[in-house]
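Undergrad: starting from these lines, generate the structure:
(one chain, ligands or ions: 2)
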Amino acid sequence: MSATILPQAGYHLASAGANKATYTYSDPLSEVPTLSGVDVSADGSTPIIDMEALLGPHRSEIIKQIGLACEINGFFAVKNHGIPEMKINNMLGTAREFFHLPDEERLKFRSTDPNSVIRLVTGFQDKTRNIFVSRQSLKFHSHPVEEYKSQWPSNPPSFGENVGEYCASVREVEVAILEAISESLGLERDYIDKILKGHYVSINYYPACQESELDVTYGVRTHTDPTIITILMQDDVPGLQVINDGKWINVNPLPNAVVVHVGDILQALSNYRYKSLLHQAIVNCEKERVSIASHCYPSDDAMIGPAKKLVDKDHPAIYKDFTYSEFHESMWRVKCSTAKRLDLFKAARAD
Ligand SMILES: O=C(O)CCC(=O)C(=O)O
Ligand SMILES: [Fe+2]
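TA: Numbers count the residues shown, from 1 in each chain. Ligands and ions are numbered 1, 2, ... in the order given. Reported below is the predicted structural model:
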């Protein structure tokens with residue numbers, strides 16, 4: 001199936017959807033890159049990591065591949081990750097069921113407070129830029145599952161079980177990938193695991209778009225994730241685009257694979273060796289799309305400046321030491337949607 005992408009106003013994004021907007025307010029983000037006039041190459045090359053091989057005799061080779069993918073691409077796909085296909089399908093099914101519920105049922109979770117334990121974010125119109133951002137997402141904490149489950153929706157009734165099982169499986173993948181990433185940087189295997197705390201899930205729902213008079217409809221606009229890494233599982237509808245080598249590329253879904261993004265925290269911790277991935281999602285005019293992002297973040301008091309081992313005379317510290325809670329607090333204050341929010345934490349001698 002093909003995504004309908006109409007060039008509009010210099011973007012290769014869909015026009016549409018705005019007449020479906022139930023909520024209209026000004027976008028609070030002041031710094032959102034526009035990146036107009038960029039080309040999208042339809043067949044971006046996605047590095048593919050075989051996770052099963054991480055456990056075998058070729059571990060060091062796979063770790064090298066992961067390091068290169070983080071350094072050069074900022075993302076990679078993971079196959080043979082061990083999350084059973086049934087758990088993935090159940091998770092996607094439950095996500096669809098939730099977003100097909102009547103408004104009054106879903107909107108119980110609507111909140112604009114970023115600190116609320118669970119919140120539904122709806123599509124919105126950015127009045128100043130005349131664009132519509134169509135993503136609806138349900139965001140909530142999920143690790144450990146038993147601690148948070150009671151706050152999740154009870155409708156659909158499958159939510160607790162299906163989301164809980166998926167999240168527990170993703171956690172295992174997360175830990176294994178973070179161990180490999182630590183090793184790829186020449187750090188102790190548990191360097192990142194030691195500062196790891198939770199994961200925060202965003203169930204993203206992009207309705208099929210419709211004609212509208214607005215200039216452009218995005219699924220979600222260009223941003224980086226404020227995470228160590230993000231593990232993204234997409235259904236079979238394309239939509240994810242990432243910047244690679246200065247160009248947008250489509251990262252089309254691969255059956256039974258997840259996509260791992262480098263996030264802002266890993267950019268700081270790796271002393272700018274791995275760069276936080278700039279990405280966005282477009283909408284599809286024929287089919288709805290669901291993606292599940294597992295945002296993995298450290299504990300509040302974790303120091304997330306550059307690992308000491310990565311700093312020397314030839315590699316001066318780009319960032320100073322700072323805690324995750326300092327980063328998190330500033331993130332909402334500076335209202336920036338990219339890794340530029342790390343600039344506040346640059347070391348004195350870095351420009
Ligand atoms: O749906 C996608 O492909 C991207 C979602 C995303 O970037 C996010 O949830 O942070
Ligand atoms: Fe993202």
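Undergrad: end-to-end on stretch 302-320?
TA: Distance across stretch 302-320, first residue to last, is 13 Å (CA to CA, to the nearest Å).
Undergrad: thought V251 was touching V258?
TA: No. Proximity of V251 to V258 does not meet the contact threshold set by CB atoms under 8 Å, at 11.3 Å. (Glycine included, C-beta is placed from N, CA and C.)
Undergrad: any shared contact partners between those two?
TA: Counting by CB atoms under 8 Å, 6 or more residues apart in numbering, the residues touching both V251 and V258 are A77.
Undergrad: for L120, give me phi and psi.
TA: phi -100, psi 130 (degrees, to the nearest 10).
Undergrad: what sits against it?
TA: Here L120 is in contact with R106, L107, F109, R110, S111, Q136, S137, L138, K139 (CB under 8 Å, 6+ apart).
Undergrad: then K197?
TA: Contacts of K197 (CB under 8 Å, 6+ apart): H143, Y297, P298, S299, D300, A302.
Undergrad: if we use 7 Å, what do you get?
TA: Shown in contact with K197 (CB atoms under 7 Å, 6 or more residues apart in numbering): Y297, P298, S299.
Undergrad: are any of these buried, and which?
TA: Y297, P298 (16 or more other CB atoms under 10 Å).
Undergrad: so which of the contacts of L120 belong to helices?
TA: Members of those lying in helices (criterion: DSSP state H): R106.
Undergrad: relative to ligand 1, which of the contacts of L120 is nearest.
TA: Set against ligand 1, the nearest of those by CB to the nearest ligand atom is S137 (6.7 Å).
Undergrad: next, format the contacts of K197 as CSV and append distance to ligand 1 and secondary structure.
TA: Shown next, in CSV, are the contacts of K197 (distance: CB to the nearest ligand atom, whole Å; DSSP: H, G, I helix; E, B strand; the rest coil):
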residue, distance to ligand 1, secondary structure
Y297, 13, strand
P298, 17, strand
S299, 21, coil
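Undergrad: okay, and the helix or strand of the protein with the least pLDDT?
TA: Least confident helix or strand of the chain, by mean pLDDT, DSSP states H and E, is strand 7-8 with a mean of 30.
Undergrad: follow-up on the earlier one: by neighbour count, which of the contacts of L120 wins?
TA: L138 (23 neighbours; other CB atoms under 10 Å).
Undergrad: my read: it touches L107, true?
TA: No. Counting by CB atoms under 7 Å, L138 does not reach L107; the two are 11.1 Å apart.
Undergrad: got the residues of this protein near ligand 1?
TA: S202, N204, V220, D225, L232, Q234, G239, L240, H279, A281, S291, A293 (CB under 6 Å from any ligand atom).
Undergrad: just the ones of the residues you listed in strands?
TA: S202, N204, V220, L232, Q234, L240, H279, A281, S291, A293 (DSSP state E).
Undergrad: and W248, how far from L277?
TA: Separation of W248 from L277 (CB to CB, to the nearest Å): 12 Å.
Undergrad: please disregard the earlier target; I meant R171.
TA: Counting by CB to CB, the gap from R171 to L277 is 21 Å.
Undergrad: now stretch 269-288: buried residues?
TA: 269-285, 287-288.
Undergrad: tell me the spacing between the closest residue to F322 other than its chain neighbours and E172.
TA: Once flanking residues are discounted, F322 sits nearest to F345: 4.7 Å by CB to CB, 6 or more residues apart in numbering. Distance, F345 to E172, by CB to CB: 31 Å.
Undergrad: which of the two has more residues huddled nearby?
TA: Counted by other CB under 10 Å, F345 and E172 do not tie: F345 has more neighbours, with 18 against 12.
Undergrad: the more buried one against T323, yeah?
TA: No. Contact status for F345 versus T323: not in contact, 10.1 Å apart, counting by CB under 7 Å.
Undergrad: sketch out the low-pLDDT regions of the stretch 251-351 of the chain for me.
TA: The model of the stretch 251-351 of the chain has pLDDT under 70 over residues 349-351.
Undergrad: for M331, what are its contacts?
TA: P226, R341 are the contacts of M331 under CB under 7 Å, 6+ apart.
Undergrad: quickly find the element holding it.
TA: Under the criterion DSSP states H and E, the helix or strand holding M331 is helix 324-334.
Undergrad: and that helix, how far out from the chain's middle?
TA: Taking CA atoms, centre = their mean, to the nearest Å, the mean C-alpha location of helix 324-334 is offset from the chain mean by 18 Å.
Undergrad: show me the helices in the stretch 101-250 of the chain, by range?
TA: Ranges of helices within the stretch 101-250 of the chain are 103-106, 145-148, 159-184, based on DSSP state H, counting those that start in this stretch.
Undergrad: so of these, which one's packed in deepest?
TA: Neighbour counts (mean count of other CB atoms under 10 Å) averaged over each of those peak at helix 159-184, with a mean of 20.
Undergrad: which other helices and strands does that helix contact?
TA: Judged by 3 or more CB pairs under 7 Å, 6 or more residues apart in numbering; DSSP states H and E, the packing partners of helix 159-184 are helix 59-68, helix 85-99, helix 145-148, strand 196-206, strand 229-234, strand 289-298.
Undergrad: change it to 8 Å
TA: helix 59-68, helix 85-99, helix 145-148, strand 196-206, strand 229-234, strand 258-262, strand 289-298 (3 or more CB pairs under 8 Å, 6 or more residues apart in numbering; DSSP states H and E).
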